[in-house]
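**Q** Return atomic coordinates for the entry below.
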Amino acid sequence: MVSVKDIAKECGVSVATVSKALNGHSDISQATKEKVRAAAQRLGYMPNSAARALKTNRTYNLGVLFVDEAQSGLTHEFFAAVLDSFKRSAEGSGYDITFINHNIGRGRSSYLEHCRYRGVDGVIAACVQFDDPEVVELAHSSLPLVTIDHVFNNRSAVMSDNVEGVSRIVDYLCAQGHEKIAFIHGEAHSAVTQKRLASFYRACEAHGISTPDEYIVSATYRDVKGCAEATRKLLHLADRPTAILFPDDFSAMGGIKTVREEGLLIPRDISLVGYDGSLLSQAISPKLTTYRQNVEAMGRAAAELLIGQIESPRTALPEQRLIQGELLPGESVAEPFS
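**A** So this is what the prediction gives:
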């Protein structure tokens, strides 16, 4: 492996001069800097990350804590897209990323221990159980942290505007003449679900709609089977809804399947609305009406907030950024058939 000493010997200068030239110090002439850098490139020199960390107290490595309850991993289109945007933004600023887990070699570690072992400069937490004691421990540590769709006290967060999203959907359905609107929501303990559900009731109330309890059904995010069963339950009500809102586009596939098994047509007999704005939702027939979350902006904002904490710790303040999306009218909603 090529060392700083090899470059110094090649250029006929001291090791200190090489180090200063590679780090852009102002007391080294431009000609010397160019000579040293050219030699470093010619010899194939790569700086040692551990040595750089000792000198700068920074590893330029960001941790990603991503624990999906549904075990869908990076096939989870929404979070995968957010993380991809985060990764590209981080790399553009000179940072690498490391996924945080419980394993160090063959031993088990807490999330915070793993972060310290890997020497990450900061962490983004997405799709985790935020009441998990190990996640709480991480949030209470001194390590820079940004969460996705959850707010810890005195921590930065990036959130999709779920209140606005559900409100826009209800407004759209009401404009089409719907008054019997059902909502199949995700896990009740989720902050996202709680915001969406409150927004749903608020929007319905604003339109003078009283929602029966049986129109609100609990399910799980990205659960095709569970949402299929929930849809069947709604369709078998004596006074069934004319429109159903699903927790996400993927789980809406279960609802579509059930509607067809019941011999009904979409949207003539019942209207369906998804959430997320996934590629799948726009490829199926009928094209799903849905609310697209701005995953690109969310990932970029998370990187900006986290790197800001790392590079400007004295001036960075906890900040919550609310990212709005857009309603995508499709072919799965029409006026109630009478």
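**Q** mind checking how far the closest residue to residue 177 other than its chain neighbours is from residue 293?
**A** Spatial nearest neighbour of residue 177, excluding adjacent residues (Cβ to Cβ, 6 or more residues apart in numbering): residue 335 at 4.6 Å. Quick note: C-beta positions are derived from backbone N, CA and C, even for glycine. From residue 335 over to residue 293 the distance is 27 Å, taken as Cβ to Cβ, to the nearest Å.
**Q** Pick out whichever of the two has more residues nearby.
**A** Shown here are residue 335 and residue 293; by other Cβ atoms under 10 Å, residue 293 has more neighbours (25 against 13).
**Q** any idea how far residue 133 is from the more buried one?
**A** Distance from residue 293 to residue 133, by Cβ to Cβ: 29 Å.
**Q** all strands for the chain, in order.
**A** Using DSSP state E, the strands of the chain run over 61-66, 96-99, 103-104, 107-108, 122-126, 145-148, 156-160, 181-185, 216-218, 243-245, 271-273, 290-292, 320-323, 326-328.
**Q** Pull the CA coordinates from the first one and hand them back as CSV.
**A** Provided in CSV are the C-alpha atoms of strand 61-66 (Å, rounded to 0.1, in the frame of the first residue of the first chain):
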residue,chain,number,x,y,z
ASN,A,61,-19.7,7.6,7.5
LEU,A,62,-23.5,7.9,8.2
GLY,A,63,-25.5,5.2,9.9
VAL,A,64,-28.9,4.0,8.6
LEU,A,65,-31.2,2.3,11.0
PHE,A,66,-33.9,0.6,9.0
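**Q** Can you give the strand pairings for that strand, parallel or anti for each?
**A** strand 96-99 (parallel), strand 122-126 (parallel) (DSSP bridges).
**Q** Buried deepest among these, which one?
**A** Across the strands paired with strand 61-66, averaging neighbours per residue (mean count of other Cβ atoms under 10 Å) puts strand 122-126 on top, at a mean of 25.
**Q** Select, out of the strands paired with strand 61-66, the one closest to residue 139.
**A** strand 122-126 (8.0 Å; Cβ to Cβ).
**Q** Between strand 156-160 and the closest one, find me the angle.
**A** 30 degrees (axes from the mean of the first three to the mean of the last three Cα atoms, to 10 degrees).
**Q** what's the offset of strand 122-126 from the middle of its chain?
**A** A distance of 10 Å separates the centroid of the chain from that of strand 122-126, by Cα atoms, centre = their mean, to the nearest Å.
**Q** quick one: contacts of it?
**A** Under the criterion Cβ atoms under 8 Å, 6 or more residues apart in numbering, residues 62-66, 79, 82-83, 86, 100, 115, 135, 138-139, 143-150, 302-303, 306-307, 309-310 lie in contact with strand 122-126.
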